[in-house]
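Trainee: Okay, sequence plus prediction incoming.
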Amino acid sequence: MSFLDHLEELRSRIIKSLFSVIILSIVAYLFSERLLNFILRPLPGDQAVYFLSPTEAFSTRIKISLIAGIIVSVPVIFYHLWKFVVPGLFAKEVKLVIPVVLSSTIFFLIGASFCFLMVLPVSIKFLMAFGTDKLKPMIQIKDYISFVCYMSLAFGAVFELPVISFFLGRIGIISAKTLIKGRKYAVVIILIVAAVVTPTPDAFTQLMLAGPLYFLYEVSIIILKLTAKKKPVPETSPEGET
């Protein structure tokens with residue numbers, strides 16, 4: 001394919017992915033009230049959220065619907081992403097597309113769910129504990145939604161590390177030895193990524209992301225060890241000659 005053909009292919013894949021997000025976002029808007037109540041679950045039972053402008057409640061539902069559309073469209077987005085990469089792969093590598101798409105979707109949902117069910121309740125409780133009798137929390141709905149959605153998407157993204165490592169390992173770009181040798185550098189990079197990705201500057205939330213990310217780094221090493229291709233052993237003659 002020529003360079004212009006690649007651009008046309010990319011444009012086509014992006015349009016199809018956006019179409020999926022738009023359609024599913026419209027469907028999600030029909031359930032926006034239920035989605036809003038679900039997203040508010042990590043808050044303590046007596047804690048309310050507030051909107052400070054007439055249009056904020058409506059725009060919040062639009063934002064929730066859009067985020068839901070993106071999450072539900074994850075399989076479609078990953079599929080078109082990998083299909084765009086396929087022309088540059090060998091035939092044996094093309095066979096990995098469907099397993100990689102399925103694995104990417106599963107790991108993304110695991111990461112987002114882990115964040116929502118485990119990380120967010122603990123983080124919010126920890127952060128709100130700094131209030132006093134004179135310092136009461138008044139959480140604005142748009143800030144809360146942005147915090148929850150950004151954190152969930154960030155965790156979903158970093159949970160793709162084992163899938164990416166597996167794919168890169170199968171096409172021969174990295175190996176378990178590469179990750180083992182780079183372990184000390186990986187720790188620094190993971191801390192930097194956690195500091196950049198998390199929407200709040202507190203060290204507690206950053207460590208909540210850095211811990212699972214390092215765990216996934218070690219999981220990636222194990223996956224590469226298990227899926228590494230064994231080099232064929234050269235045959236020898238009875239006299240010991242190859």
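Mentor: Perfect, thanks for sending it.
Trainee: The spatially most central residue of the chain and residue 24, how far apart?
Mentor: Taking C-alpha atoms, centre = their mean, the centroid of the chain lies closest to residue 157, which sits 1.6 Å from it. Separation of residue 157 from residue 24 (C-beta to C-beta, to the nearest Å): 19 Å. All C-beta spots, glycine's among them, are computed from the backbone N, C-alpha and C.
Trainee: can you list the domains in this protein?
Mentor: For the chain, automatic domain parsing gives the domain ranges 1-153, 160-228.
Trainee: could those go into TSV alongside mean neighbour count?
Mentor: Formatted as TSV, the domains of the chain follow (neighbours: other C-beta atoms under 10 Å):
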stretch	mean neighbour count
domain 1-153	15
domain 160-228	16
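Trainee: now the ones you listed in CSV, with mean pLDDT?
Mentor: Supplementary listing: the domains of the chain in CSV, determined by pLDDT from 0 to 100:
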stretch, mean pLDDT
domain 1-153, 83
domain 160-228, 83
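Trainee: Strands of this structure, start to end?
Mentor: Taking DSSP state E, the strands of the chain run over residues 49-50, 139-140.
Trainee: Given the first one, what are its sheet partners and their directions?
Mentor: Right, the one you point to is strand 49-50. Sheet pairing here is set by DSSP bridges, and for strand 49-50 it gives strand 139-140 (parallel).
Trainee: hmm, who's touching the partner strand?
Mentor: 43, 47-52, 56 (C-beta atoms under 8 Å, 6 or more residues apart in numbering).
Trainee: mind redoing it with 6 Å?
Mentor: Identification of contacts with strand 139-140 by C-beta atoms under 6 Å, 6 or more residues apart in numbering yields 49-50.
Trainee: Equivalent analysis for stretch 52-61, please.
Mentor: Stretch 52-61 has contacts (C-beta under 6 Å, 6+ apart) with 32, 51, 141-142, 145.
Trainee: same check, this time on stretch 187-196
Mentor: 206, 209-210, 213-214.
Trainee: any idea how far residue 185 is from residue 178?
Mentor: Shown here: residue 185 relative to residue 178, a distance of 11 Å by C-beta to C-beta.
Trainee: got the contact list for the closest residue to residue 107 other than its chain neighbours?
Mentor: Nearest non-adjacent residue to residue 107, counting by C-beta to C-beta, 6 or more residues apart in numbering: residue 159, 4.6 Å away. Neighbour list for residue 159: 107, 110-111 [criterion: C-beta under 6 Å, 6+ apart].
Trainee: got a markdown table for those residues, with distance to residue 219 too?
Mentor: A markdown table is the format used below for these (distance: C-beta to C-beta, whole Å):
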| residue | distance to residue 219 |
| --- | --- |
| 107 | 10 |
| 110 | 12 |
| 111 | 12 |
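Trainee: now, which of the residues you listed lie within helices?
Mentor: 107, 110-111 (DSSP state H).
Trainee: This completes my enquiry, with thanks.
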